[in-house]
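> Sequence first, predicted model second:
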There are 2 protein chains.
Amino acid sequence: MRFLAACRCQPVDATPVWFMRQAGRSLPEYRALRQGGSILEAIADPETAAEITLQPVRRYGVDAAILFSDIVVPLVAVGLEIDIVPGRGPVLGEPFSRPADLDRLRPLEPGEDLAHVLETIRLLSGELSVPLIGFAGAPFTLASYLVEGGPSRTFARTKVLMHAEPALFAELLSRLADISLAALRAQVGAGAAAVQLFDSWAGALSRAEYERFALPASRRVLEGLADLDVPRIHFGVGTGELLDLMAAAGADVVGVDWRVALDEAGRRVGAGRALQGNLDPALCLATPPVVEEAARQVLKEASGLPGHVFNLGHGVLPETDPGVLAAVVDLVHEETAR
Amino acid sequence: MRFLAACRCQPVDATPVWFMRQAGRSLPEYRALRQGGSILEAIADPETAAEITLQPVRRYGVDAAILFSDIVVPLVAVGLEIDIVPGRGPVLGEPFSRPADLDRLRPLEPGEDLAHVLETIRLLSGELSVPLIGFAGAPFTLASYLVEGGPSRTFARTKVLMHAEPALFAELLSRLADISLAALRAQVGAGAAAVQLFDSWAGALSRAEYERFALPASRRVLEGLADLDVPRIHFGVGTGELLDLMAAAGADVVGVDWRVALDEAGRRVGAGRALQGNLDPALCLATPPVVEEAARQVLKEASGLPGHVFNLGHGVLPETDPGVLAAVVDLVHEETAR
């Protein structure tokens, strides 16, 4: 399994490839399957979610599957009324702002609360020829949705709460860490062979804020997985200033966006860790020669790393031509075959 | 004039302060004046624009004024049909995509095209007790609006055009550089004592892309101002990876957001340059003790710099309490008085 080997900085026969959001709107077979119904409904139906998870594996020949789900699923499972609004993202009617809101976050009982997700993973175990990546949202990123009530550009409410009521914020992140940890452990128990912790919006924080608030909670999740012996991938966007801290939080693999070249990112995370990334998803809308050149550049910058999982620097854009991604998979495999 | 002295890394009696978007929606006197009418109409009326420019100087006691205008004003002046949509930003009905679109960008004749802006500056010359900062959009950021047709999160069309048609993109940026340079020279001619080049979205680029595409055009603007002997400030958001290049483009002062501490930013831009920044505008929505602590931290990190202009790391958020910003000005002046 070249994906797991690369995550562990072990020798591989070729660099493994997968794409964040490989299962989703860029695939015509996904759009055909998803006609009608909300995304949360599709996730809640194991047959549908398993099929969507499989679609990109069949089409692209990627080296890993990622569970079709969403980082808010465990929050919905503990009773929060979150809606995923198309074109906008997760929206919570009543945002979190005070201590009493903590009561809205009961502990996750994965066996019951995530029964449908675990069933999806079990279905996939019989079907997949490549490892399955489970995932969860990192506590800071989850908290940002709860405090903002939806996606944000400034994260102003979150930052204000963080600084104004640090104890409350720490408790919120601690509870979210417990939920994410429980969700990930259950996913591994059901068959996921690796996990990714998405701290998508950590890049909005200063280093000092990340260290004080986000890191302890993310460490709680990542270190809580240590005994399971599955690779732990840790990813955020615009996190160039935080890469060493995100590694120190307990990552085996650090995900990097296109703003930092992988050789430089390797220096920042230090020896002995694999990196994942970092083709700019925007470039995948260009013509094949442009995409190829950009993919080759990523491989060149990754050539000295102890482990490299080829990926995009953020999720696949919905407008992406699947043929372009298939060609990227082939190119990476051919160029790195040894 | 402590603002100009700090820009030039000369001794100051106290650290100067101003705020990006200090003139604008956070001020009740601005909202009162702007009842009805578009922002472009307000900019086009010299009496109104001058009054709006003066409002924050009166209220906050900042050490510099910044012209009330918008980076798209010179583009509107050469005939592009750009509308500034409240809550969204500049929108261009027909985005740029092909060589023929270059014909839509005629050279700027500032004396005629920007007559209203220059008149605003002349009105201000008689009123202002502090230096006036003129500004323009950097070619890459302007191009992103023209190619995307409005604000973007991914800049996908811009990046695709950049890589697919590098000669066309370079010509587009070159023409935009000529327009921004002409606009800035005219502003200085009319009385602006410093200029800021806003490359707000440069942080979306990789270093390689910035070096190849954005930097040559920004250098053309900044070096084209060298003979005027006014401080040139160069700013973008999320540009931690680019600070050395943005300095090398010809900046006397490099603007920094909150993601990189100013001492670290100083190491990146190298000796002999002043820095501007970098209080997180989101924190200005917090209570006074939180804001004070954050402002003191900025001052601490700036203490070893050859020159420091205190500012936010991005524009004032509309919800900001003006009293908070006034207190920041006082704190910075008191803490740094020598």
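Thanks, I have the structure now.

> Tell me if A:Ala170 really is in a helix.
Yes - secondary structure of A:Ala170 (DSSP: H, G, I helix; E, B strand; the rest coil): part of a helix.

> how close does the residue lying closest to it once chain neighbours are set aside get to A:Glu171?
Take A:Ala170 and drop its neighbours on the chain: the residue closest to it by Cβ to Cβ, 6 or more residues apart in numbering or on different chains is A:Phe213, 7.0 Å away. Heads up, the C-betas are built off the backbone N, CA and C, glycines and all. Taking Cβ to Cβ, to the nearest Å as the measure, A:Phe213 and A:Glu171 are separated by 11 Å.

> picking that back up, tell me the confidence at the residue nearest to A:Ala170?
We have a pLDDT of 96 for A:Phe213.

> so what's the nearest residue to A:Ala136 once chain neighbours are set aside up against?
Excluding the flanking residues, the one nearest A:Ala136 by Cβ to Cβ, 6+ apart is A:Ser180, at 3.9 Å. By Cβ atoms under 8 Å, 6 or more residues apart in numbering or on different chains, A:Ser180 lies in contact with A:Pro74, A:Ala136, A:Gly137, A:Ala138, A:Pro139, A:Leu142, A:Leu197, A:Val221.

> Please list all residues in contact with the third one.
Okay, so that is A:Gly137. Counting by Cβ under 8 Å, 6+ apart, the residues that A:Gly137 touches are A:Ile71, A:Val72, A:Leu176, A:Ser180, A:Leu197, A:Phe198, A:Asp199, A:Ser200.

> And the first one, by the same measure?
If a contact means Cβ under 8 Å, 6+ apart, then A:Pro74 has A:Leu108, A:Asp113, A:Leu114, A:Ala136, A:Ile179, A:Ser180, A:Ala182, A:Ala183 as its contacts.

> what about 10 Å?
A:80, A:108, A:110, A:113-114, A:117, A:136-137, A:142, A:176, A:179-180, A:182-184, A:186 (Cβ atoms under 10 Å, 6 or more residues apart in numbering or on different chains).

> What are the boundaries of the helices in the stretch 151-300 of chain A?
A:156-164, A:166-190, A:207-209, A:215-223, A:243-248, A:262-269, A:288-302 (DSSP state H, counting those that start in this stretch).

> Kindly report the same for the stretch 1-150 of chain A.
Counting by DSSP H, counting those that start in this stretch, the helices of the stretch 1-150 of chain A are A:2-7, A:28-33, A:39-44, A:46-60, A:73-77, A:110-113, A:115-125, A:139-148.

> rewinding a little: in TSV: the helices of the stretch 151-300 of chain A, plus distance to A:Gln22.
Shown next, in TSV, are the helices of the stretch 151-300 of chain A (distance: least, Cβ to Cβ, whole Å):
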stretch	distance to A:Gln22
helix A:156-164	29
helix A:166-190	17
helix A:207-209	31
helix A:215-223	23
helix A:243-248	22
helix A:262-269	20
helix A:288-302	15
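
> thinking again about what came up before, just the buried ones from the contacts of A:Pro74?
Using 16 or more other Cβ atoms under 10 Å in any protein chain shown as the burial test, the contacts of A:Pro74 include A:80, A:108, A:110, A:113-114, A:117, A:136-137, A:142, A:176, A:179-180, A:182-184, A:186 as buried.
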